[in-house]
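In: structure for the following, please:
(chains A and B)
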Protein chains: 2
Amino acid sequence: MAQRILLAARPKGEPTPADFRLEDVELAEPSQGQVLLRVLYLSLDPYMRGRMSTAKSYAKPVEIGEVMEGGTVAQVIASRDPAYQAGDIVLAYAGWQTHALASPKQIVRKLDPTQAPVSTALGVYGMPGFTAWSGLREIGKPKAGETLVVAAASGAVGSVVGQIAKLHGARAVGIAGGPDKCAYVRDELGFDVAIDHRAPDFAGQLKQACPDGIDVYFENVGGAVWDAVWPLLNTYARVPLCGLIASYNDDGSNKGENDRLPALMRSVLTRSITLRGFIQSEFVRSYPEFLKEMGGWLRDGSMRYREDIVEGLASAPDAFIGLLKGRNFGKLLVHLGDPD
Amino acid sequence: MAQRILLAARPKGEPTPADFRLEDVELAEPSQGQVLLRVLYLSLDPYMRGRMSTAKSYAKPVEIGEVMEGGTVAQVIASRDPAYQAGDIVLAYAGWQTHALASPKQIVRKLDPTQAPVSTALGVYGMPGFTAWSGLREIGKPKAGETLVVAAASGAVGSVVGQIAKLHGARAVGIAGGPDKCAYVRDELGFDVAIDHRAPDFAGQLKQACPDGIDVYFENVGGAVWDAVWPLLNTYARVPLCGLIASYNDDGSNKGENDRLPALMRSVLTRSITLRGFIQSEFVRSYPEFLKEMGGWLRDGSMRYREDIVEGLASAPDAFIGLLKGRNFGKLLVHLGDPD
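Out: The predicted structure is shown next:
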């Protein structure tokens, strides 16, 4: 028997457990060309909130009654594709389920457990790490002596962003939620400063931490952090924008406030700011180079990471709801089983 | 006797004639290292509204009682700098005055009247033309088959933007105010479509003119044009932003409206949009290449331009006030005299 989690309803605002449905299914046999996978780790990522919604985005939504999409590390348990054999460990888009009948196009690549722990293919050595690496390489371009700021700095993307900035000789200022995460960002990841966005004088602390302004702001949260960052951006500042988690649960209405759009446009003009949205897949041609450089950093210890692992598929909805509130501490993974 | 125009007061909203003061001054002799210039043409440009204000910008404001800044074409009438001789015609930052004692650093370059009419050094063959050329080269990058949109399309920058886009094989959609300007943009400049932004169904007309969406929007106006353009931007759209003339007279308050900033950030994210402010001086290293390429286009007739010339220094304030309202038709110049 296998289990899977379907999208039961489209959330209004914050997702709730009722928006998901866990169900049992019979394990099927692979047909010709298919591979039967047993999932070891399911990755939970902020972008999944977008797939639950019909709002215009860069990917089509998951339909009601469909299995929630997601990246996984899985082991092949039966194969009718000559490229894969039982026992292989692969990175695959298997979704929120314990087992999947996968076509070869759902499989990204085979993983070599002797190179790096396989779970890292969902984090620092996979999509979130590549988001950080490619966004800095193509857009952020931190230079020695410059100041970079990133939020969710203990998370899967932010932690890599700050460490790469340091490797380029830039000053890294991380924003995180609560004293434990801030201590980790500063003491274990080696950021120059860590600031708690829950502090009442957060904007003042950020200003103090950036006496020469901000040259690169790696935007993955939006909301109040962006409001504090924006006035500090220097001339020629670069803002790679890959996520807006603070607003993923918004319903889109912002009535009764000032319209700050004209003021933003004026800032972009008068300070020659670059604001650039991106999805890591745009830069996939440089993925092999990423694997090589990041692999080196992981092996020589210059890149550190932290995983927040929850147990069992049934835990996924709650863990995901917590992710959108910043409850996780490190790359959030659901552990479903160990390799044979 | 010489005349000059000073900033008399900082405008609140639209400038009025009372914000300027015309005064007579005695002609002075150049000291060692100085050059005495007689201005032939004064350029009037939207950026000058920024210099009248103390709002944070990329250049320091003109002080009350100082001569208004501005680019000019001028003739040397006396020189105590060996690099210049009486009779030379130069491009110089002489400001709003009939004569100026200039130091060599205020002089940009000597002009050769046999290469191009000297007035073009203030328009198509000068700063506005270079703004168009460099903004497209560095940021907009129109490709064959793409759709480019530009507003103020009969003006000094917009007219060049659309013609360069056509030279690159892109489709050019111009926005202008009124039927005469639209006819000029379409029939004389060769844009594919020209749309009157005063039409009641302007946004609908723009949408119809861009059936494949917008790949490059060269932003120099802001306001209602941006509101209509923004929903039509394609994935990977580029928005070089060099002016926001529609809001230069705003007082900064936008109370009672929705805050559209979060929606803009979501669009930038989900459509991988590049929004990039710039001032042409950032790209000055490629100025020689601009002169060469634009000079070729002017000589072979593939680049057309139009000048709107008003007579006499006293006309400058009214002409400038009209410029901010779109009253000019082509590059706005004040003619002060002819060369000897």
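In: doesn't A:Ala151 make contact with A:Val161?
Out: No: between A:Val161 and A:Ala151 there is no contact under Cβ atoms under 8 Å: 9.5 Å. For glycine as for every other residue, the C-beta is placed from the backbone atoms N, C-alpha and C.
In: what segments of the stretch 1-150 of chain A are helices?
Out: A:47-51, A:127-135 (DSSP state H, counting those that start in this stretch).
In: from the ones you listed, which stretch is densest packed?
Out: helix A:127-135 (a mean of 26; mean count of other Cβ atoms under 10 Å in any protein chain shown).
In: for it, packing partners?
Out: helix A:158-167, helix A:287-300 (3 or more Cβ pairs under 8 Å, 6 or more residues apart in numbering or on different chains; DSSP states H and E).
In: do stretch A:233-244 and chain B meet at all?
Out: Yes: remark: stretch A:233-244 sits within contact range of chain B at A:Thr235, A:Tyr236, A:Leu241, A:Cys242, A:Gly243, A:Leu244, by Cβ under 8 Å from any Cβ of the partner chain.
In: next one: the last one from A:Ala172, what distance?
Out: It stands for A:Leu244. To A:Ala172, A:Leu244 is 21 Å away according to Cβ to Cβ, to the nearest Å.
In: more crowded one of the two?
Out: For the pair A:Leu244 and A:Ala172, the greater number of neighbours falls to A:Ala172 (29 against 23), based on other Cβ atoms under 10 Å in any protein chain shown.
In: list the contacts of the more buried one.
Out: Taking Cβ atoms under 8 Å, 6 or more residues apart in numbering or on different chains, we find A:Ala172 in contact with A:Leu148, A:Val150, A:Val161, A:Gly162, A:Gln163, A:Ala165, A:Lys166, A:Gly190, A:Phe191, A:Asp192, A:Val193.
In: pull out the buried members of those residues.
Out: The neighbour-count test (16 or more other Cβ atoms under 10 Å in any protein chain shown) marks A:Leu148, A:Val150, A:Val161, A:Gly162, A:Gln163, A:Ala165, A:Lys166, A:Phe191, A:Asp192, A:Val193 as buried among the contacts of A:Ala172.
In: before we move on, back to that, mind checking which of the residues of stretch A:233-244 next to chain B are in helices?
Out: Among those, no residue falls in helices (DSSP state H).
In: which of these sit farthest apart?
Out: By the measure Cβ to Cβ, A:Thr235 and A:Gly243 form the most distant pair in the residues of stretch A:233-244 next to chain B, at 25.2 Å.
In: show me the domain layout of chain A.
Out: A:2-123+A:306-335, A:127-283 (automatic domain parsing).
In: who has more neighbours out of A:Thr235 and A:Gly243?
Out: A:Gly243 (26 against 14).
In: and the domains of chain A as a markdown table, adding mean pLDDT?
Out: Output for the domains of chain A, formatted as a markdown table (pLDDT from 0 to 100):
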| stretch | mean pLDDT |
| --- | --- |
| domain A:2-123+A:306-335 | 95 |
| domain A:127-283 | 94 |
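In: of those, flag the one that's most buried.
Out: Most buried among these, counting by mean count of other Cβ under 10 Å: domain A:127-283, with a mean of 21.
In: and it, how far apart are its ends?
Out: 11 Å (Cα to Cα, to the nearest Å).
In: helix or strand: which one has A:Ile321?
Out: Taking DSSP states H and E as the definition, A:Ile321 sits inside helix A:316-324.
In: what's that helix packed up against?
Out: For helix A:316-324, the packing partners by 3+ Cβ pairs under 8 Å, 6+ apart come out as strand A:331-335.
In: quick check, distance from the strand it packs on to the centre of its chain.
Out: 12 Å (Cα atoms, centre = their mean, to the nearest Å).
In: walk me through which strands that strand pairs with, and which way each runs.
Out: strand A:35-43 (antiparallel), strand A:307-311 (parallel) (DSSP bridges).
In: what residues does the helix holding A:Ile321 touch?
Out: A:5, A:14-17, A:19-20, A:42, A:44-46, A:48-49, A:68, A:96, A:245, A:248-249, A:310, A:328, A:332, A:334.
In: residue of the stretch 51-200 of chain A nearest chain B, please.
Out: A:Ser57 (4.7 Å; Cβ to the nearest Cβ).
In: who's in contact with stretch A:276-296?
Out: With Cβ under 8 Å, 6+ apart as the criterion, stretch A:276-296 contacts A:58, A:115-116, A:124-125, A:127, A:129-131, A:133-135, A:137-139, A:238-242, A:303, B:236, B:267-276.
In: contacting residues for the residue positioned nearest the centre of chain A?
Out: Central residue of chain A (Cα atoms, centre = their mean): A:Pro128, 4.5 Å from the mean position. By Cβ under 8 Å, 6+ apart, the contact set of A:Pro128 is A:Asp45, A:Leu122, A:Gly155, A:Ala156, A:Val157, A:Val160, A:Lys331.
In: now do the second one against A:Ile309, distance only.
Out: Plainly put, A:Leu122 is 11 Å away from A:Ile309 if you go by Cβ to Cβ.
In: how about the last one?
Out: To A:Ile309, A:Lys331 is 9 Å away according to Cβ to Cβ.
In: coming back round to it: okay, the helices of the stretch 1-150 of chain A in a markdown table with distance to A:Gly213 next?
Out: Output for these, formatted as a markdown table (distance: least, Cβ to Cβ, whole Å):
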| stretch | distance to A:Gly213 |
| --- | --- |
| helix A:47-51 | 30 |
| helix A:127-135 | 20 |
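In: report the angle between the axes of the helix holding A:Ile321 and strand A:35-43?
Out: 40 degrees (axes from the mean of the first three to the mean of the last three Cα atoms, to 10 degrees).
In: distance from the chain centre to helix A:316-324, please.
Out: 13 Å.
In: and what of stretch A:209-229?
Out: The answer for stretch A:209-229 is 18 Å, by Cα atoms, centre = their mean.
In: then stretch A:46-55?
Out: 13 Å.
In: next, the distance between the ends of it.
Out: End-to-end distance (Cα to Cα), stretch A:46-55: 15 Å.
In: and the contacts of it?
Out: With Cβ under 8 Å, 6+ apart, stretch A:46-55 has contacts from A:7, A:10-11, A:15, A:19, A:57, A:59, A:61-62, A:68-70, A:220, A:243, A:245, A:248-249, A:252, A:320, A:323-324, B:270.
In: quick check: the gap between the closest residue to A:Ala8 other than its chain neighbours and A:Gly123.
Out: Distances taken as Cβ to Cβ, 6 or more residues apart in numbering or on different chains put A:Arg21 closest to A:Ala8, at 4.1 Å, once the chain neighbours are dropped. Distance from A:Arg21 to A:Gly123, counting by Cβ to Cβ: 27 Å.
In: one more: A:Gly145?
Out: 29 Å.
In: try A:Thr16
Out: Look at A:Thr16 and A:Gly123: by Cβ to Cβ, they are 27 Å apart.
In: list the contacts for the nearest residue to A:Val334 once chain neighbours are set aside?
Out: Closest residue to A:Val334 apart from its sequence neighbours, by Cβ to Cβ, 6+ apart: A:Leu42 at 4.2 Å. Listed by Cβ under 8 Å, 6+ apart, the contact partners of A:Leu42 are A:Gly70, A:Gly71, A:Thr72, A:Ala94, A:Trp96, A:Leu313, A:Ala316, A:Leu333, A:Val334, A:Leu336.
In: many thanks, have a good one.
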